[in-house]
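> predicted coordinates and the sequence they were generated for:
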Amino acid sequence: MNHFLDIHKTDPADLRAMIDHAGRMKQARLGRPKASPDDDQPLAGRMVALIFEKPSTRTRVSFDVGVRQMGGETMVLSGSDMQLGHGETIADTARVLSRYVDMIMIRTFDETVLTEMAEYADVPVINGLTDRTHPCQIMADVMTYEEHRGPIAGRKVVWTGDGNNVCASFLHAAGQFGFDLTFTGPAQLDPEDEFVGFARQQGSTIVIERDAQRAVQEADLVVADTWVSMHDAQSARERRHNMLRPYQVNAALMAQAKPDALFMHCLPAHREEEVTSEVMDGPHSVIWDEAENRLHAQKAIMRWCLGV
Ligand code: CP
Ligand code: NVA
């Protein structure tokens, strides 16, 4: 049994195997109806709890569909409807859920909820996003890059805007998959030293560049995310927008990257804020493949967790 808590906590060979497995599973389903079951049914007879303490479209639907394609069943739970949201401890919740379900995916605020859940659960726990990281997203992103452009190792990824949870998992992935990352954003929103330090210690070149135009030179991949994350105070919205406006990904910025550079965004996007529609719907963008690959990547993650 394996937990999938973060990219830096997972063996690089296992991460690579999951990406490759996801690609094979995607190929095997080409042209089939979304709800049709996979030929093998590795999750037959298994129940997966999907717990959400924050909103979700992609994570919720892709996990649910992925489990069903593999022959398992899901239970989608909202944190506020559970006793967890009314004072029951995480440890007790984890022990109880482990008696009913075979795997737990949780999207939460504080990272300690995730780690405590994993500590006390007897079944695998998957990180479906916390305030600090979003590893399932970046597994799909690596898969998407490689599907379009081949190995990501040695490539230059440019993260624009807020050094947030998704950026943190990109830094973990830089270290584990061997690519370089340039962060361009205001100093107040730099990614934490811990994330930058991990990638550097693994041998990746991590650059902090305040000038967005300079940052994207020679970029193979440009990435944007929302300027205000679910865990950010809404009162900070205007201040963040003012700070982040120079980092909008628009056609002029993309023109500074390599001609065949890709554009990614984990979505949901705020069109004309962090990215223009011209870029989202333009030739560099692979955002719909990226969203689809959540499904395939997470199926590989779940199989790795359960060893099936
Ligand atoms: N990218 C992502 O995790 O989207 P949701 O918030 O819709 O799950
Ligand atoms: N950084 C965003 C990602 C959403 C998928 C957030 O945490 O709200």
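That came in fine, so what should we check first? Residues are numbered from 1 along each chain as shown. Ligands and ions are numbered 1, 2, ... in the order given.

> same for the helix or strand harbouring Ile301, what does it pack against?
Assigned by DSSP states H and E, Ile301 falls within helix 287-306. The helices and strands touching helix 287-306, judged by 3 or more CB pairs under 8 Å, 6 or more residues apart in numbering; DSSP states H and E, are helix 12-28, helix 58-69, strand 103-107, strand 125-127, helix 135-149, strand 262-265. For the C-beta atoms, the positions are set from N, CA and C on the backbone; glycine is no exception.

> would you put the C-alpha positions of the very next helix or strand once past the last one in CSV?
What it means is strand 262-265. Next helix or strand after strand 262-265 toward the C-terminus (DSSP H and E): helix 277-280. What follows is helix 277-280 as a C-alpha-only set of coordinates in CSV (Å, rounded to 0.1, in the frame of the first residue of the first chain):
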residue,chain,number,x,y,z
SER,A,277,-8.4,34.0,-24.4
GLU,A,278,-6.1,34.5,-27.3
VAL,A,279,-3.5,32.3,-25.6
MET,A,280,-5.9,29.9,-24.0
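
> list the buried residues for helix 277-280?
Val279, Met280 (16 or more other CB atoms under 10 Å).

> ligand 2 contacts on this structure?
Applying CB under 6 Å from any ligand atom, we find that the chain lies next to ligand 2 at Leu129, Asn164, Asn165, Val166, Asp225, Thr226, Ser229, Met230, Cys266.

> the third one and Asp211: what is the separation?
The one in question is Asn165. 24 Å (CB to CB, to the nearest Å).

> residues of the stretch 151-300 of the chain that sit close to ligand 1?
Cys266, Leu267, Pro268.

> spit out the contact partners of Tyr120.
Ile90, Ala91, Asp92, Ala94, Arg95, Ser98 (CB atoms under 8 Å, 6 or more residues apart in numbering).

> what separates the strand or helix carrying the fourth one from the chain centre, distance-wise?
Same thing as Ala94. Per DSSP H and E: Ala94 is located in helix 90-100. Put simply, helix 90-100 sits 25 Å off its chain's centre (CA atoms, centre = their mean, to the nearest Å).

> hang on, the earlier thing: go through the contacts of Tyr120 and name the one nearest Gln234.
For the contacts of Tyr120, the minimum distance to Gln234 (CB to CB) is 26.3 Å, reached by Ile90.

> surely the closest one touches Glu116?
Yes: counting by CB atoms under 8 Å, Glu116 is a contact partner of Ile90 at 4.3 Å.

> distance of the nearest residue to Lys26 once chain neighbours are set aside from ligand 1?
Using CB to CB, 6 or more residues apart in numbering and skipping residues adjacent in sequence, the residue nearest Lys26 is His296, 4.3 Å away. Distance from His296 to ligand 1, counting by CB to the nearest ligand atom, to the nearest Å: 15 Å.

> what stretches of the stretch 1-150 of the chain score poorly on pLDDT?
Scanning the stretch 1-150 of the chain for pLDDT under 70 picks out nothing.

> can you list contacts of stretch 258-270?
Residues contacting stretch 258-270 (CB under 8 Å, 6+ apart): 57-58, 134, 137, 141, 144-145, 148-149, 166, 216, 218-227, 249, 254, 274-275, 279-280, 282, 284-287, 290-291.

> buried residues, that stretch. List them.
Lys258, Ala261, Leu262, Phe263, Met264, His265, Cys266, Leu267, Ala269.

> check the offset of that stretch from the chain's centre.
With CA atoms, centre = their mean, you get 14 Å for stretch 258-270.

> so who does Met143 touch?
So Met143 contacts Ile19, Ala22, Gly23, Asn293, His296, Ala297 (CB under 8 Å, 6+ apart).

> now do Leu77
Ala49, Leu50, Ile51, Phe52.

> ramachandran angles for it?
phi -120, psi 140 (degrees, to the nearest 10).

> hey, what's it bridged with?
When assigned by DSSP bridges, Leu77 has beta-bridge partners Ile51.

> ok, now how distant is it from ligand 1?
15 Å.

> and that residue, how far from ligand 2?
Leu77 is 19 Å from ligand 2, by CB to the nearest ligand atom.

> same question, Ile152
Applying CB to the nearest ligand atom to Ile152 and ligand 2 gives a distance of 20 Å.

> many thanks, have a good one.
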